[in-house]
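Q: could you work out the structure for the sequence below:
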Amino acid sequence: MKAQTLLLAVIIVAFLAPQSSTAQFKEYSGSGDDILLVEKPDSDLPALLVIRGNSSSGFFSVSSYDENQEQIDLLVNTTNPYSGIVPVDLPVGTNTKMLEITATGSWVVNVYSIGSAPKVSSGSPKSDEGDNLLWIEGEASLASISGNSASSHFAVEAFDGNGNYSKLLVNTTDPYSGKVMLPKGTLLLKISAVGSWSVSLQ
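A: Take a look at the predicted model:
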């Protein structure tokens, strides 16, 4: 799919059909190791996975694979109880067909449209905890970011409106509080975090 077509499709999903964009598309649940054949709302677009599991603090990982069983990404890798939001096929160019779950105990994976990402704007900062993906509404050139009080790994990545990777804004294992420049055209912020964080835009 061409970049302009991708951008148009994402905007339509997020803004012209808000009820469907926030609706859960698919839910998968189970216990222990498993291989999931997953569907996305649109195979040509990235999607959001809301993942919960590992309540017993064993080892828990989730990896995405394409139709040829080639690994695309390691989405979750932890020994802590996990609850977070992660994108698949972002940046664009891949098409997730399977998820490999390595787990002890029960887990749940909910699939949503990329347009369901929580919104952040210059007039509406966002605070949360754990992994997430934020959709920038309106114009913004600067981001004030804080988080990682427990000194785990904390990263914030920027993606443009075509789903392309733009810049690594934050990447640290120390508690963080700072202001960074957003690349022109930034639409999405991917947050990798343990614990609480906040993002405010200007």
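
Q: would you map the helices across the protein?
A: Assigned by DSSP state H, the helices in the chain fall at 3-11, 18-21.

Q: lowest average pLDDT across those helices?
A: Mean pLDDT is lowest for helix 18-21 out of these, coming in at a mean of 43.

Q: next, the contact list for the residue nearest the centre of the chain, please.
A: Most central in the chain under CA atoms, centre = their mean is Val86, positioned 3.0 Å from the mean C-alpha point. Residues near Val86 by CB atoms under 8 Å, 6 or more residues apart in numbering: Leu48, Leu49, Ile51, Val62, Leu75, Val76, Asp131, Leu133. Where you see a C-beta, it was placed from the backbone N, CA and C, and this is true even at glycine.

Q: pop the domain breakdown of the chain in here.
A: The record's domain parsing of the chain by automatic domain parsing lists 3-114, 118-201.

Q: run through this structure and note the low-pLDDT ranges.
A: The chain contains residues with pLDDT under 70 at 1-23.

Q: if we can go back for a sec, against Thr96, how distant is the residue nearest to the centre of the chain?
A: 11 Å (CB to CB, to the nearest Å).

Q: okay, now Val180: neighbour count?
A: Neighbour count of Val180, defined by other CB atoms under 10 Å: 14.

Q: just to check, it is in contact with Ala143?
A: Yes - the criterion here is CB atoms under 8 Å, and Val180 meets it with Ala143 at 5.4 Å.

Q: which residues do the two both contact?
A: Here Val180 and Ala143 have Val156, Leu169 as joint contacts, going by CB under 8 Å, 6+ apart.

Q: without its sequence neighbours, what residue ends up closest to Thr102?
A: Nearest residue to Thr102, sequence neighbours excluded (CB to CB, 6 or more residues apart in numbering): Ser61, at 4.5 Å.

Q: how close does that neighbour sit to Glu137?
A: From Ser61 to Glu137 the distance is 33 Å (CB to CB).
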